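Novice: Have a look at this prediction, sequence included:
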Amino acid sequence: MIADLKPYPQMKDSGVPWLGEVPEHWEMSRLGYVASLVVPMRDKPSDLSGEIPWVRIEDFNGRYIITSRSRQGVSAVTMRKMNLKVLPPGTVLCSCSCSMGATAIVKVPLVSNQTFIGIIPGHRLESEYVYWLMQVSKDHLTQMATGAIQQYLSRDDFSSLKIIVPPLPEQAAIGRFLDHADRRIRRYILAKQKLIKLLEEQKQAIIHRAVTGGLGPNVRLKNSGVGWLGDVPEHWEVKRLKAVVSSVTSGSRGWSSFAADAGVLFIRIGNLTRTSIDLDTEKMVRLQLPSRVLGEAARTRVRAHDILLSITAFIGSVAVVPVGIEEAYVSQHVACCRPHAGAANPRWVAYVLLSPVGQKHGKLSMYGGTKQGLSLDDVKNYVVLLPPLDEQERLVDWIESTSSGVDAGIRSTKREISLLREFRTRLIADVVTGKLDVREAAARLPDEAAEPEPLDEADALTDAVEDTVDDLDAVPEEAES
């Protein structure tokens, strides 16, 4: 189907760099001329127990918004008091702040917070087409954004956005074609994500075996002294993390505002994973640090062999700082634990934290999930199982050699997902901007039932939420010895 697509016969220069050439018969316009733009509420209502759904960026979980996943709502009385406008079905919500350009179509009357602009299409626009068009405009919107600390797009920015307006039948064909193609691509991605989950479970089983029982088949056991932990090998020690580290600290408040194209590395929660103790350097942020913070910076700079642990959202992510890392600092949402020289193998300790033992301890420290994060005292009190040093080294070698094939499978499958997403992005751009003519292909497509849930689990704004978490200005913990 996709291989048979051809370009439109007659093209013209749109005069807009991000759109390039477009079909000759398509019109150019500004978004404000063909749609109404609604600025949602600026202040959070004090009462969110009303009947009209109130949505945030966290409620985006696919193409359509049907309700608030948090079950929060605004009453009609509050709507009148705050002079708020209900967004009607068919409105396209587009993020104008965090996760710039994240888009969804409203299916029921609702109201949103200030993270969005509501785009209500006029008689010349289809909601589905606007949805796909805003996907293509993400990079351009990001470039347009202003703000020293947090970037933002105003209603005027959206109103002045230059767009292309195909005839309505072609907008419908574009929506129909991309809906069909998107479903197929997401199904491929979902199948690969399920494979990754199976591989990750296999790796967790490998780590769990080493962490809880070592490698010997007939190891004598003893009571660990920790009720939820059970028995451990008789010759192992059970200690708290504070016994094997010289310091535990976290990053400084507000450093995300120093983000730049070049500079020192900034290690965030997104650079730690729950499946490996190696830093994920794919999405590293860099900082240009002003002179006023250089004194404080010494406290949060990492060294080789430091153990990093997430302490807010995504509790349980772990990494060990590699030898040879360039100048790098942790965010306020990452604890940096510096091991005593010779007290333990840092990679072994990291595997204990990454194992079900460490994951359970983290959950218990969160008071059943009611706390917003871990304090540095919580981190210090993590349970660590300590075989003799030589045995720690053998266990680390066994974990890494046994799981090397699993790791390779995970990396390979993630690359395939990345390529599928790149293909999806390119296809959407080519179809929405008229580089490919889908009219005949769309007419041949079978009818498909609506799918209320997203097919690609990783597209439920996980990255956006992680980035938002790392931008929060929570009060940092001070360095503790």
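Specialist: Here it is on my side, so go on. Numbering: from 1, shown residues only.

Novice: all strands of the stretch 51-200 of the chain, in order?
Specialist: 52-55, 64-65, 73-74, 92-95, 103-106, 111-112, 116-121, 162-165 (DSSP state E, counting those that start in this stretch).

Novice: Could you find the closest non-adjacent residue to Leu279?
Specialist: With sequence-adjacent residues excluded and distances taken as Cβ to Cβ, 6 or more residues apart in numbering, Leu279 is closest to Ala319, at 4.7 Å. From N, CA and C alone the C-beta is placed, and that goes for glycine too.

Novice: and Thr142, how many neighbours?
Specialist: 12 (other Cβ atoms under 10 Å).

Novice: Ala260 too?
Specialist: For Ala260, using other Cβ under 10 Å, the count is 12.

Novice: if I pick it, what's in contact with it?
Specialist: In this structure, Ala260 makes contact with 286-288, judged by Cβ atoms under 8 Å, 6 or more residues apart in numbering.

Novice: Could you tell me the per-residue confidence at Gly324?
Specialist: The score at Gly324 is 90. That number is its pLDDT.

Novice: can I assume it sits in a strand?
Specialist: No: assigned with DSSP: H, G, I helix; E, B strand; the rest coil, Gly324 falls outside any strand and is coil.

Novice: ok, it touching Arg303?
Specialist: No: taking contacts as Cβ atoms under 8 Å, Gly324 lies outside contact range of Arg303: 11.2 Å.

Novice: residues touching Leu289, list them.
Specialist: With Cβ under 8 Å, 6+ apart, Leu289 has these contacts: 255, 258, 263-264, 297.

Novice: Specify the local secondary structure of it.
Specialist: From three-state DSSP, the assignment for Leu289 is coil.

Novice: measure it to Trp255 for me?
Specialist: According to Cβ to Cβ, to the nearest Å, Leu289 and Trp255 sit 8 Å apart.

Novice: And Gly324 and Arg303? Which one has more around it.
Specialist: Legend: neighbour count by other Cβ under 10 Å for Gly324 and Arg303, higher for Arg303 (12 against 6).

Novice: three-state assignment of the more buried one?
Specialist: With three-state DSSP as the basis, Arg303 sits in coil.

Novice: Tell me how far Asp59 lies from Asn113.
Specialist: 10 Å.

Novice: now could you export just the CA positions of the helix or strand containing Gly362 as CSV?
Specialist: Per DSSP states H and E, Gly362 falls inside helix 356-365. Once non-C-alpha atoms are left out, helix 356-365 reads as follows in CSV (Å, rounded to 0.1, in the frame of the first residue of the first chain):
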residue,chain,number,x,y,z
PRO,A,356,13.6,-7.4,43.3
VAL,A,357,15.3,-7.0,46.7
GLY,A,358,16.1,-3.3,46.0
GLN,A,359,12.8,-2.7,44.2
LYS,A,360,10.7,-4.0,47.1
HIS,A,361,12.7,-1.9,49.6
GLY,A,362,12.0,1.2,47.5
LYS,A,363,8.3,0.5,47.4
LEU,A,364,8.2,-0.1,51.2
SER,A,365,10.1,3.2,51.7
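
Novice: quick revisit: from the contacts of Leu289, which is closest to Pro7?
Specialist: Gly263 (42.3 Å; Cβ to Cβ).

Novice: you'd agree the closest one is up against Pro290?
Specialist: No: using Cβ under 8 Å, Gly263 is not in contact with Pro290, being 10.9 Å away.

Novice: So if I had to pick from the two, which one is more boxed in?
Specialist: Shown here are Gly263 and Pro290; by other Cβ under 10 Å, Gly263 has more neighbours (14 against 9).

Novice: residues contacting the more buried one?
Specialist: 286-289.

Novice: Starting from the biggest helix by length in the chain, tell me the next helix or strand along the chain.
Specialist: Ranked by number of residues, the top helix in the chain under DSSP state H is helix 168-213. Next in sequence after helix 168-213, counting helices and strands by DSSP H and E, comes strand 221-223.

Novice: mind checking how far the spatially closest residue to Val226 that is not a sequence neighbour is from Ile120?
Specialist: Of all residues not flanking Val226 in the chain, Val383 sits nearest, at 5.8 Å (Cβ to Cβ, 6+ apart). Separation of Val383 from Ile120 (Cβ to Cβ) stands at 55 Å.

Novice: Tell me the backbone dihedrals of Ser375, please.
Specialist: phi -80, psi 170 (degrees, to the nearest 10).

Novice: what does Leu445 give?
Specialist: phi -70, psi 140.

Novice: Doesn't Val384 belong to a helix?
Specialist: No: going by three-state DSSP, the assignment for Val384 is strand, not a helix.

Novice: okay, now it: neighbour count?
Specialist: 23.

Novice: likewise Gly227?
Specialist: Neighbours around Gly227, by other Cβ under 10 Å: 7.

Novice: What's the separation between it and Val238?
Specialist: Distance, Gly227 to Val238, using Cβ to Cβ: 12 Å.

Novice: quick revisit: tell me the secondary structure for the residue nearest to Leu279?
Specialist: Look at Ala319: counting by three-state DSSP, its state is strand.

Novice: confidence score at it?
Specialist: At Ala319, pLDDT is 94.

Novice: residues contacting it?
Specialist: 267, 271-273, 276-280, 307-308, 350.

Novice: got it, and Ile399?
Specialist: Ile399 is in contact with 206-207, 210, 351, counting by Cβ under 8 Å, 6+ apart.

Novice: Ok, Leu309 next?
Specialist: 272, 317-318, 334-335, 337, 353, 374, 379, 382.

Novice: okay if I get those as CSV plus distance to Asp47?
Specialist: Formatted as CSV, those follow (distance: Cβ to Cβ, whole Å):
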residue, distance to Asp47
Leu272, 37
Ser317, 35
Val318, 40
Val334, 35
Ala335, 36
Cys337, 42
Leu353, 41
Leu374, 31
Val379, 37
Tyr382, 39
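
Novice: Now intersect the residues you listed with the helices, please.
Specialist: 353, 379.

Novice: and the contacts of Leu309, which are buried?
Specialist: Neighbour counting by 16 or more other Cβ atoms under 10 Å classes 272, 317-318, 334-335, 337, 353, 374, 379, 382 among the contacts of Leu309 as buried.

Novice: Between Val383 and Ile120, which is the more surrounded one?
Specialist: Val383 (21 against 18).

Novice: Check which residues of stretch 124-134 are buried.
Specialist: Under 16+ other Cβ under 10 Å, the buried positions of stretch 124-134 are 125-134.

Novice: I meant stretch 7-23, not that one.
Specialist: Result for stretch 7-23 [16+ other Cβ under 10 Å]: buried residues 8, 14, 19, 22-23.

Novice: Dump those residues to a markdown table, plus secondary structure and distance to Ile428.
Specialist: A markdown table is the format used below for the buried residues of stretch 7-23 (DSSP: H, G, I helix; E, B strand; the rest coil; distance: Cβ to Cβ, whole Å):
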| residue | secondary structure | distance to Ile428 |
| --- | --- | --- |
| Tyr8 | coil | 17 |
| Ser14 | coil | 17 |
| Leu19 | coil | 13 |
| Val22 | strand | 15 |
| Pro23 | strand | 16 |
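
Novice: Now flag whichever of these is closest to Cys94.
Specialist: Distances from Cys94 to the buried residues of stretch 7-23, taken by Cβ to Cβ, are shortest for Leu19, at 17.1 Å.

Novice: Can you tell me, leaving aside adjacent residues, what's nearest to the closest one?
Specialist: Spatial nearest neighbour of Leu19, chain neighbours left out: Thr433 (5.4 Å); criterion: Cβ to Cβ, 6+ apart.

Novice: Having no further points to raise, I will conclude here.
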